[in-house]
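Undergrad: give me a model of this one.
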Amino acid sequence: AQKLVRGLREYEKTILVVLEDSKNSMDKLISTVPEINELFTQRVDIPEYSNDDLVAYGKAYALKKDCSIDEMGMLALYTKIMQTLEHSVTIAEVKDMIDTAIKRVSKKNMKHFVDILLAKRYDEDDYIILREKDFL
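TA: Here you go, the predicted structure:
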């Protein structure tokens, strides 16, 4: 890091340098080499969301779309969101999952009609209920 600082101070032209690491590692680097703050004028921290964060976002997004998610639907959403080391699920992907479930539940068919008649389609707040089958 000290060599990087010296090199950047000697360089006279405009240059774009990007340092990438976890938030904690970057904080440690800055505390170890405070001169880094003088040379790098911008910092972008991209949060990593946990599965719980993503499911909570999905639930809130569904509510904005006048839908609620029942317990089994929440479990199905958790299963669908499961992140791996190779792939971190994004907010956009969660939105797509919810939008797809809403499209499935909105299809007009006999089951849809029966759910309306038996009062299974809407919750007590008049939101359309997204169920497990809508996420599969």
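Undergrad: tell me what the helix ranked longest in the chain is packed against?
TA: Assignment by DSSP state H gives helix 91-106 as the longest helix of the chain. The contact analysis (3 or more Cβ pairs under 8 Å, 6 or more residues apart in numbering; DSSP states H and E) places helix 91-106 against helix 51-64, strand 67-69, helix 71-81, strand 128-130, helix 132-135. In short, each C-beta sits where N, CA and C put it, glycine included.
Undergrad: okay, the angle between that helix and helix 51-64?
TA: 50 degrees (axes from the mean of the first three to the mean of the last three Cα atoms, to 10 degrees).
Undergrad: in helix 91-106, what's buried?
TA: Across helix 91-106, burial judged by 16 or more other Cβ atoms under 10 Å covers 94, 97, 98, 101, 102, 105.
Undergrad: same check on stretch 70-87?
TA: Quick answer for stretch 70-87 (16+ other Cβ under 10 Å): 73, 74, 76, 77, 80, 81.
Undergrad: hmm, back to that, out of the buried residues of helix 91-106, which one has the lowest pLDDT?
TA: Scanning those for pLDDT, the low point is residue 105. It has 80.
Undergrad: okay, and the helix or strand of the chain with the least pLDDT?
TA: Ranked by mean pLDDT, DSSP states H and E, the weakest helix or strand in the chain is helix 110-117, scoring a mean of 57.
Undergrad: JSON lines for the buried residues of stretch 70-87, including distance to residue 130 and pLDDT?
TA: Shown next, in JSON lines, are the buried residues of stretch 70-87 (distance: Cβ to Cβ, whole Å; pLDDT from 0 to 100):
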{"residue": "73", "distance to residue 130": "5", "pLDDT": "87"}
{"residue": "74", "distance to residue 130": "9", "pLDDT": "89"}
{"residue": "76", "distance to residue 130": "9", "pLDDT": "89"}
{"residue": "77", "distance to residue 130": "8", "pLDDT": "90"}
{"residue": "80", "distance to residue 130": "12", "pLDDT": "86"}
{"residue": "81", "distance to residue 130": "14", "pLDDT": "86"}
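Undergrad: just give me the closest of those residues to residue 134.
TA: residue 73 (6.6 Å; Cβ to Cβ).
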